[in-house]
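Enquirer: model the structure of this input:
(one chain, ligands or ions: 1)
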Amino acid sequence: MRALTISRHGGLEQLEFRDDLPVPELRSRGDVRIRVRAAALNHLDLFTLGGLPGVTIAPPWIMGADAAGTIDAIGEGVNGLQAGDHVVVNPGISDRTCEYCLDGEQSLCVSFKLLGEHLPGSFAEYLVVPAANVRVVPASVPAEVAAAFPLATLTAWRMVVTRARVRPNDEVLIWGIGGGVALAAMQICKQIGARVWVTSGSDDKLARARALGADETINHRTHDVAKEVRARTGKRGVTVVIDSVGQATWQRSLGALGRRGRLVTCGGTSGAMVETDVRRLFWNQWSLLGSTMGNDTEFDAIVAELGAGRLLPPVDSVFPLEEGREAFARMERGEQFGKIVLEVAR
Ligand SMILES: [Zn+2]
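Expert: Residues are numbered from 1 along each chain as shown. Below is the predicted model of the structure:
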């Protein structure tokens, strides 16, 4: 089968398109095999490419987390799925036996694994995953939209709905609009009825975000985001900040955060270590919240949204699987507004 692989960690030059890989077999009774139609890139794939501490790969390693396709083979222990069903995949694989899984919190699983990072990924013609990670979606949802949906929307949903508990009267600041999680967070916040502030270093991306419903826009290259938020809110600040940048934005996130504010983070793309003044933390009664992926209940909730035609992710561009390296280059340059998708099968 065809796949986008790496044989060692490094830069984009390590990405290798192959057409000679074996079609994977089911690993257990609870697995299904999916004929992948489209797969989407995530920033996570760049981290996997570069190498993560404690994660080893077996070459040729298949990259990719997000996928959409049709069911191709079904394990004996699987109920409720049929060959040919159109499905999306939750790329977070849990053991379903630890205390967090039994409590319904699969993304806290003590042996949590991600497709493409700990298990063979989705940038391939066939993908084997537990049936519990698969949901049926209407055939009318285009494959590139379905593939762009799961990881970013699930991550954003848990951040906005479960962790920050955004309400209609909230003012939510979202860094770096154009990325998949940021765009999904904006769509979810708007659906709730909150006012949304977005930042970007690109005025073009800010204009596009405004067209999609952003209420306030700030160019974080030319303006101090914290000062700008304070100025436009009569010094009160926003009630929620969605930050996945980490080190580079942390101080400005806190500078923009009003009393009783909640800051929720799902990543630190600019660096891991941040500094927080504990006096401001207790005096303002802030909540600093971490969030990773999402649980089964949240996955069900977002798939229902997709099925109802809501929270459709903007697709930036579609590349053939063979041109996966160009797709990665676009993501590495940060040029995208929306998800970058690989067309795996025509
Ligand atoms: Zn578990």
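Enquirer: which residues touch residue 146?
Expert: By Cβ atoms under 8 Å, 6 or more residues apart in numbering, the contact set of residue 146 is 38, 68, 86, 88, 137, 306. All C-beta spots, glycine's among them, are computed from the backbone N, C-alpha and C.
Enquirer: and for residue 181?
Expert: Counting by Cβ under 8 Å, 6+ apart, residue 181 makes contact with 152, 155, 156, 159, 242, 244, 266.
Enquirer: now, the most widely separated pair of these?
Expert: The span of the contacts of residue 181, defined through Cβ to Cβ, is set by 152 and 242 at 12.3 Å.
Enquirer: more neighbours: the two, which one.
Expert: The residue with more neighbours, out of residue 152 and residue 242, is residue 242; 32 against 25, by other Cβ atoms under 10 Å.
Enquirer: my read: residue 67 touches residue 147, true?
Expert: Yes - using Cβ atoms under 8 Å, residue 67 is in contact with residue 147, at 5.9 Å.
Enquirer: lowest-scoring secondary structure element of this protein by mean pLDDT?
Expert: Sorting the helices and strands of the chain by mean pLDDT, DSSP states H and E puts helix 43-50 at the bottom, at a mean of 94.
Enquirer: contact partners for the residue of the stretch 201-346 of the chain found nearest the ion?
Expert: In the stretch 201-346 of the chain, the residue that lies nearest the ion is residue 295 (10.7 Å; Cβ to the ion). Neighbouring residues of residue 295 by Cβ under 8 Å, 6+ apart: 104, 105, 106, 107, 158.
Enquirer: one more time with 7 Å, if that's ok
Expert: 104, 105, 106, 107 (Cβ atoms under 7 Å, 6 or more residues apart in numbering).
Enquirer: pull the number of nearby residues for the third one.
Expert: Residue 106 has 25 neighbouring residues, counting by other Cβ under 10 Å.
Enquirer: OK, contacts around it?
Expert: Per Cβ under 7 Å, 6+ apart, neighbours of residue 106: 92, 94, 295, 296.
Enquirer: tell me the spacing between residue 140 and the ion.
Expert: Distance of residue 140 to the ion, computed by Cβ to the ion, to the nearest Å: 34 Å.
Enquirer: dump the residue contacts of that residue.
Expert: Here residue 140 is in contact with no residue (Cβ under 7 Å, 6+ apart).
Enquirer: gap between it and residue 306?
Expert: 11 Å (Cβ to Cβ, to the nearest Å).
Enquirer: who in this protein is up against the ion?
Expert: 94, 95, 98, 101, 109 (Cβ under 5 Å from the ion).
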